[in-house]
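1. here is a sequence with its predicted model. Questions after.
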Amino acid sequence: MEAIKITDLTKYYGKSRGIIDLNLTVEEGEFFGVIGPNGAGKSTTIRTLLGLISPSSGQAKIFGYDVCKEKNKVLEQVGYLPSEAVFYAGMKVKDVLKLSADLRKKDCSEEAKKLCERLQLDDNRKVEELSFGNRKKVGIVAALQHLPKLLILDEPTSGLDPLMQREFFDIIRERNEQGATVFLSSHILSEIQKNCTRAAIIREGRMIACDSVEALSRTNAKRIVVQGEVMLDGLSGVRNMERNEGTVSFLYNGEMGQLLQCLSAGRVSDLSVSEPDLEEIFMHYYEKGGEQS
């Protein structure tokens, strides 16, 4: 079954672009990532999916329910973590979590207790006394405590220290293994690479690539690092070159024989050839507008 189906979804804020002609399908049980820098359209996509804003045109469905016409049925299926969570002042953490559970007409006290223990969150603290990271933990527990079928997570790890980030993803992977669908928005590429099976890249409101993380990472280009003195002027296929204290590093997708011939004319003390990481490939998509080489 399709957990999320987006068809020609467009959102404009007046004359300003939000998202344009977005088409995307996420199957039930997937761990799906959306990559893009701030302003690319990730949060607009999520807010439209949740019915928080109305699309200018197009359609989106969650588990077959139209996000505009059947919003309440959609929200029953979803646990949502915004990039920044805001709570009523004067309330203790446990009161916020109970309010969230009561709105869903569920007793989530046992699950909330387990999550608070794993995330080292003191539920007797008042929310206005919490750091940004601890407020993020409150949002995580509120999003997960009712055991939703679909988790929509917008920049979920901002504010969390590395240990809590690891614990958070342990929890999310466990939920995914138990059958929950995960829709993760992030600009941290390592989060997508380590956790997602498929991902979409969004650029200026448009989806420029969507495939398995493995396929997105696949490219003909190689990362070349040379120590020594070399002249690469006129060698085609070189990009993203960096020079630093006798070392030159670049991506190369030209003929390897031509590269070796060029390097042999210089003085090379060491040479390494490796696959580029996902961040470099992501930047290549942005620079080329989705045209991968």
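-> Perfect, thanks for sending it.
2. now do the buried residues in stretch 23-35.
-> Under the neighbour-count criterion of 16 or more other C-beta atoms under 10 Å, stretch 23-35 has 24, 26, 29-35 buried. C-beta: built from backbone N, CA, C; applies to glycine.
3. the stretch 101-250 of the chain: strands as residue ranges?
-> Defined through DSSP state E, counting those that start in this stretch, the strands belonging to the stretch 101-250 of the chain, from first to last, are 150-154, 181-186, 198-203, 206-212, 222-229, 238-244, 247-252.
4. re earlier: show me the buried residues of stretch 23-35 that map onto strands.
-> Counting by DSSP state E, the members of the buried residues of stretch 23-35 that fall within strands are 24, 26, 31-35.
5. and the gap between Glu255 and Val238?
-> Distance of Glu255 to Val238, computed by C-beta to C-beta, to the nearest Å: 12 Å.
6. pick out whichever of those two has more residues nearby.
-> Val238 (18 against 12; other C-beta atoms under 10 Å).
7. for the closest residue to that one other than its chain neighbours, give its distance to Ile46.
-> In this structure, Val238 finds its nearest non-sequential neighbour in Phe250, 5.2 Å apart by C-beta to C-beta, 6 or more residues apart in numbering. Taking C-beta to C-beta as the measure, Phe250 and Ile46 are separated by 36 Å.
8. again with Leu216
-> When distance is defined by C-beta to C-beta, Leu216 is 20 Å away from Ile46.
9. now swap in Glu167 and tell me
-> Using C-beta to C-beta, which is the criterion applied here, Glu167 is 23 Å from Ile46.
10. out of these two, which sits in the busier spot?
-> Under the criterion of other C-beta under 10 Å, the comparison of Glu167 against Ile46 puts Ile46 first, with 22 against 17.
11. confidence score at that one?
-> For Ile46, the pLDDT comes out at 95.
12. spit out the contact partners of Gly228.
-> Applying C-beta atoms under 8 Å, 6 or more residues apart in numbering, we find Gly228 in contact with 246, 266-270.
13. what's the closest of these to Ala199?
-> Within those, proximity to Ala199 (C-beta to C-beta) peaks at Asp270, which comes in at 34.1 Å.
14. the closest residue to that closest one other than its chain neighbours: what's it in contact with?
-> Excluding its sequence neighbours, the residue lying closest to Asp270 (C-beta to C-beta, 6+ apart) is Gln227, at 4.1 Å. With contacts taken as C-beta under 8 Å, 6+ apart, Gln227 has the following neighbours: 246-247, 268-271.
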